[in-house]
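> only geometry, no sequence info:
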């Protein structure tokens, strides 16, 4: 019982912390009237997008809920059906709620950060980070409360061995919302970005973030709906998937550790949330230091505290007189997971920061033109899959091995589950860093558009650069955690499907595996293409506005930002339908036509291909981005030079890679796992 | 015995046909003295490259042969060791020989084709195709004679159930030579192309194929060493891999069909070679028709004859009184394979020809600049994986199912083997079409550089355009056949390794699978990067030549073509080392560290990732190429317009994709299979 009291207390504490931080941010100074008017437009645009998106998603969720219920009811499992469907709806609702509340704070924190930049870097940074932390804490707290609440509601306290599998609907709901949030948000943000650039910079010859461009607000809205709401849903799903996978694996520990073994993941999440809260509150910039250093310090504080929490939880819940050393070994597995998250942060930095060989080689290649910039960037992108795969592989095998040293039956698999928990224990802090990105990006835009002084711009530019780094790091973290969480769900799938193997040597399984990898490639193609199509809507509207109202370019009348935002919203939501359908249809069809073992291979090999392609797209895009940014600091002629023009091509190519297709793949990976788990009764029904 | 008489007769007939065709081509008119001097430079350059490359490869082969022998000898298997090593050396030698002789003809046929263009399209086309057919027939005949000869030498006539597995060394030898031939040739051809363009067109402002550019001969040599020698080795290996895989699977049929079941693949190859010879001889251009039509007609004639031959062979060798319908069902499997090859040709055309939506969308996107050209092209490249995967999946499952209808134990797997034979039965003709590409390309260069008339140029331009299409089609065919042949070798691996499953649900196997996919990405990264590095050597030499001898640009003295060729050769061979080592080291290390089931997953998932990425790289590159070519016909402003400049960026990016990394991946796929088979004793030794 103490465990549940702890979990609920921490969950509530997380909510309260989020509430207090948002109060604190909201009470900060809101700057000049010009700033306020820009910020208002962003807030309204983001709100309009989320409202429309959530309406669309709600329709899909209701339709799927009915279908799922039918599927279960037809087999006479009305109780399981009701539970699965109820969990599904709740998962979808909480994911959308976390995204909504987090973004609502972010689109207010941007203005306060801009105003804070009038004072000092430290003040602006803390406002941005705390604004971002609201999203981070809400995600962790709501996922924790949702999973734990359902667990108890379904009678998990008395019957912990039966209940975890009934929660997969919750994970599927979270996955589905995440898919559409990330896809829709990702398409929106890059369609607005590319559209605004093409029609503004290229056609009309006005600079970026120029108030005369009707698409400029849509561009700033995009950062919020993509990076904040989208990634929030992504990591909400990772947390849920990890907790579910770990609980299902934890059932095998019930005989030894009792309930504690089953709900260890929830306790670990709770302690990680506390560590994240302390970590966020500890961050401050000393004098003139690099703001990234301050954020890194906060991360390390969080990591150390999470490890201490892990040690306490292991000692408490995983102690057994028969296996006295088990808790120490499991603690080592948790440390492996934490180390993996740190390794991912380092590797992402290595491949996307201008200080290291990969980005330098892209800068160098830009001297001979756009083609060599692209070739080199693509080569870097392909190369950057190697080290993360080795790290994930080493983490899986070493935690499996150490878990096996406990000599508990099933201890090896539980070891990998604990490593995943270790990786995800810092998720609250990481999400705060991530949402820091769009807030500082927006603050920069607000400052730019409100005629602030050069000194203020410098402050927001510095923070914006840090925000770009944190966004890239979070994506690296998200891929790594998705890979590990998906691995846990494989075990859950095997368990639930009564399979002892996924035998690639069977032709039908091999074909399922091929189709899984193919799904990843096709989905990415459609996501990338959707950006181009979405951008057309915006280009056409901006052209129309310039034509209808010549006063806009003259600067005598204001463009209709809201109309452009609305058109971008409708375009993005329309374009997310096809990739969304493919993502759901391919695994469903494989399961129906080829059976549950084949769809297991779809899931596993789709995950492998998805992790690799996501790394290519995320970090390739990040490397191109930073190569351009480095040239803009003055290298090889700086802005406007031929070298810069070549680098801009790479940067534009990387945009839909790193902000649309790549992040959507993280979500697809987990959707594959939760979808196949939920549809398992159907596949079983059709194949004997 | 009749079977072997047939096989040897056909093999000899193939050699004789190749000899007669080369006589015929060589006796044709050799054109003007200017043409001859250009052709001589190409011939010498190609010869120098192949000599140096084969010397390098010979060193590697000898070193590996010693290591392999040691490996077997240490386990006391001296006889198996000698056989495996002997087969390895022979496979490597025959592959290199086929490449050498085929290319020797190609670099002579180019001049005759150029001279033939002075007369008519028909004459030039037939000279080019027959010149190309020499390579095609040699590849099929030598692979057939090599495998059959070794089979008999090792006592396969009396003991057909033991011998096939002893031939895997032959496949590994072929794989290894193919890897280096395709990598070295692919790096050479694109380094020369990119280097010549960057330093000639961009820096010096002289047109393509301008005699003043010292790298221009290296560029023409490149087409021969990449497309002719490289792809020849690739398909030599496919033929061998397919024959070996099918023979090993055929052992299970021994009880029912006797020796005929085991060596059915060899008979099918022999009949396919006859069909290809007739197909090549039948080709002629009627009046003013599109030359591609004439080539397509020849392909369909070959396909129909191959099917007839298949029917005869099935009736003859796969008839059994107990299973009267079996031969018809197996014939259906063969037809599925033939249909698959035709489907691949169509799909490749759909994705790479300007007449269809994909290339049109790239052309359209070029209007908004290089970035949108790249984004759209990449989206097309990712999309084009979907249909081929579905086709291969359908071919595998349907032939497996039909083979199972025979009710013979193991008939299902034998069905997939027969489908693969069906796909490869037209390989001789396809290779002739492929080598047609560099011959016509070279003929165009020779005509361009020898001041021929406009009419002659038009003729060679038309053929060159057809040659580009046939090269793209062959790559599609090579991917499809590599996928099927690899699948056969999986079964051989399982059989040889005494494994009944490759269970992805085991962590160690899953990690092996991840590493397989990662290898494919890393290898591609290194292959693409090698082109950039190789191009630097050429750029530096051309700059130096311009500086040392100002008469070159003035047109008063000739550049030193040979020096540039030599530098390009050394550069390419140096750059192929790292990706070559990675290709061999990763599966070896996985096998040593994680064991034989994990390396099985490396092999299978590496194959899936390899097929998908090869499709992305080959057809993406082809689509970019043809988008540029379409604009050059005058669309959207034609040559020199901004749209064209954008399309040139895509074309340049696609070059190392489609001519270096993509084709090298086909080879890597098969190398994975043969390497793991050969090293199996080592893996078994280390893991109990």
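Ah, there it is. The structure presented is a predicted model; accordingly, all values stated were derived computationally and were not measured.

> packing partners for whatever helix or strand residue A:416 lives in?
If you go by DSSP states H and E, residue A:416 is part of helix A:411-424. Under the contact criterion of 3 or more CB pairs under 8 Å, 6 or more residues apart in numbering or on different chains; DSSP states H and E, helix A:411-424 touches helix A:231-250, helix A:264-282, helix A:291-317, helix A:326-352, helix A:386-405, helix A:454-497. For every residue, glycine as well, the C-beta is placed using N, CA and C.

> How far off centre is it?
On the basis of CA atoms, centre = their mean, to the nearest Å, helix A:411-424 sits 20 Å off its chain's mean C-alpha point.

> If I take that helix and helix A:386-405, what angle do their directions form?
130 degrees (axes from the mean of the first three to the mean of the last three CA atoms, to 10 degrees).

> out of the helices and strands packed on helix A:411-424, nearest to chain B?
helix A:386-405 (4.1 Å; CB to the nearest CB).

> does residue A:431 really touch residue A:238, like I thought?
No. Between residue A:431 and residue A:238 there is no contact, the gap being 10.1 Å when judged by CB atoms under 8 Å.

> Can you say which of the helices and strands packed on helix A:411-424 is packed in most?
helix A:231-250 (a mean of 30; mean count of other CB atoms under 10 Å in any protein chain shown).

> so how far is it off the chain centroid?
On CA atoms, centre = their mean, the centre of helix A:231-250 falls 12 Å from that of its chain.

> Off-centre distance for the following helix or strand past it?
Using DSSP H and E, the next helix or strand after helix A:231-250 towards the C-terminus is helix A:254-257. Relative to the centre of its chain, helix A:254-257 is centred 34 Å away, using CA atoms, centre = their mean.

> With stretch A:482-494 instead?
Distance, centroid of stretch A:482-494 to centroid of chain: 17 Å (CA atoms, centre = their mean).

> Minimum distance to residue A:624: which of the helices and strands packed on helix A:411-424 has it?
The minimum distance between residue A:624 and these falls on helix A:326-352, with 9.2 Å, by CB to CB.

> Who are the packing partners of that closest one?
Using 3+ CB pairs under 8 Å, 6+ apart: helix A:326-352 touches helix A:291-317, helix A:357-365, helix A:386-405, helix A:411-424, helix A:454-497, helix A:596-632.

> low-scoring stretches of chain A, by residue?
For chain A, the stretches flagged by pLDDT under 70 are A:688.

> do stretch A:359-372 and chain B meet?
Yes. Counting by CB under 8 Å from any CB of the partner chain, chain B is contacted by stretch A:359-372 at A:365, A:368-372.

> Off-centre distance for stretch A:283-291?
Computed by CA atoms, centre = their mean, the chain-centroid distance of stretch A:283-291 equals 27 Å.

> end-to-end on it?
10 Å (CA to CA, to the nearest Å).

> Using neighbour counts, pick out the buried residues of it.
Within stretch A:283-291, the residues that count as buried by 16 or more other CB atoms under 10 Å in any protein chain shown are A:283, A:285, A:291.

> Let me see the backbone angles for the first one.
Main-chain torsions, residue A:283, degrees, to the nearest 10: phi -70, psi 130.

> So it versus chain B, what's the distance?
35 Å (CB to the nearest CB, to the nearest Å).

> Next, the contact list for the nearest residue to residue A:559 once chain neighbours are set aside, please.
Of all residues not flanking residue A:559 in the chain, residue A:214 sits nearest, at 3.6 Å (CB to CB, 6 or more residues apart in numbering or on different chains). Contacts for residue A:214 (CB atoms under 8 Å, 6 or more residues apart in numbering or on different chains) come out as A:541-542, A:545-546, A:552, A:559-561, A:563-564.

> again, only using 10 Å
Taking CB atoms under 10 Å, 6 or more residues apart in numbering or on different chains, we find residue A:214 in contact with A:196, A:199-200, A:538, A:541-546, A:549, A:552, A:558-565, A:567.

> Of these, which qualify as buried by neighbour count?
Using 16+ other CB under 10 Å as the burial test, the contacts of residue A:214 include A:196, A:199-200, A:538, A:541-542, A:545-546, A:549, A:552, A:559-561, A:564-565, A:567 as buried.

> Tell me which of those fall in helices.
Within the buried ones among the contacts of residue A:214, residues falling in helices by DSSP state H are A:196, A:538, A:541-542, A:545-546, A:552, A:561, A:564-565, A:567.

> what's the neighbour count on whichever residue of the stretch 151-300 of chain A sits closest to chain B?
Across the stretch 151-300 of chain A, no residue is closer to chain B than residue A:198, which sits at 5.9 Å (CB to the nearest CB). Counted by other CB atoms under 10 Å in any protein chain shown, the residues lying close to residue A:198 total 22.

> OK, contacts around it?
Contacts of residue A:198 by CB under 10 Å, 6+ apart are A:204, A:215, A:535-536, A:538-539, A:542, A:652, B:368-369, B:371-372.

> The same query, at a cut-off of 8 Å, please.
A:535, A:539, B:368-369, B:372.

> Highest neighbour count among those residues?
Busiest of these [other CB under 10 Å] is residue A:535, holding 28 neighbours.

> Find the nearest non-adjacent residue to residue A:561, please.
residue A:217 (4.0 Å).

> and that neighbour, that one's in a helix?
Yes. Counting by DSSP: H, G, I helix; E, B strand; the rest coil, one finds residue A:217 located in a helix.

> residues touching it, list them.
By CB under 8 Å, 6+ apart, the contact set of residue A:217 is A:38, A:41-42, A:45, A:561-562, A:564-565.

> Recalculate using a threshold of 7 Å.
A:41-42, A:45, A:561, A:565 (CB atoms under 7 Å, 6 or more residues apart in numbering or on different chains).

> returning to what we had before: wait, a helix at the residue nearest to residue A:559?
No. Secondary structure of residue A:214 (three-state DSSP): coil, not part of a helix.

> Can you pull the phi/psi pair for it?
The phi/psi pair for residue A:214 (degrees, to the nearest 10) is phi -60, psi -20.
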